[in-house]
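>>> Based on what follows, work out the 3D shape:
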Amino acid sequence: MKRDKRIVITYGTFDMFHIGHLKLLQRIKELGDELIVAVSTDEFNQVKGKRTLIPYAQRVEIVENIKCVDRTIPENSWEQKIKDIQKYNIDIFVIGDDWEGKFDFLKEHCEVRYLERTKDISTTKLKQSLSSFLSVSKEDILKAFEVIDILKKDFE
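Below is the predicted model:
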């Protein structure tokens, strides 16, 4: 029996939500009529060895309020994907191309697509930039302001 509506699912942590996340979700939604986003729980992120800055409840609230997202569910384990595909009658599983080939085993349950990520932006890069920024000493920041003040006077 053919259904009228195509259901798409994706999975992610969505920590420090950024434009790359938004553009990926928008492109995923274009592949179907309904988009389900499984957001990794804090406990599952610990299993994956990931440390998040934003707690699960807040990450879910952010993702739920994105116009192209129709439903969110918790991602509690690697193993749940097949059950989710069956439970929600998923037509297409979509994830970023950095996972290329890793979820091909799902092809016997639904279509699997790997989409290109937004260039030059990632949560990892944001965290690295934040770490670098926070490692600048107070003294170096004050010196930079002194230089700015000197330069301002030269242009007055």
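
>>> and Asp70, what does it touch?
When contacts are counted by Cβ atoms under 8 Å, 6 or more residues apart in numbering, Asp70 touches Glu34, Leu35, Ile36. (Glycine included, C-beta is placed from N, CA and C.)

>>> next one: phi and psi at it?
Main-chain dihedrals, Asp70, degrees, to the nearest 10: phi -100, psi -30.

>>> any idea how far it is from Phe44?
22 Å (Cβ to Cβ, to the nearest Å).

>>> try Val63
For Val63, the distance to Phe44 - Cβ to Cβ - is 15 Å.

>>> Can you tell me the closest non-neighbouring residue to Ile7?
Glu34 (4.7 Å; Cβ to Cβ, 6 or more residues apart in numbering).

>>> And Ile85, by the same measure?
His109 (4.7 Å).

>>> Buried ones in stretch 44-51, by neighbour count?
Buried residues in stretch 44-51, counted by 16 or more other Cβ atoms under 10 Å: Phe44, Asn45.

>>> contacts for it?
By Cβ under 8 Å, 6+ apart, the surrounding residues in contact with stretch 44-51 are Thr13, Asp15, Ser40, Thr52, Glu75, Asn76, Ser77.

>>> As a check, name the ranges of all strands in this protein.
Assignment of strands within the chain using DSSP state E yields the ranges 7-12, 34-40, 71-75, 92-96, 111-115.
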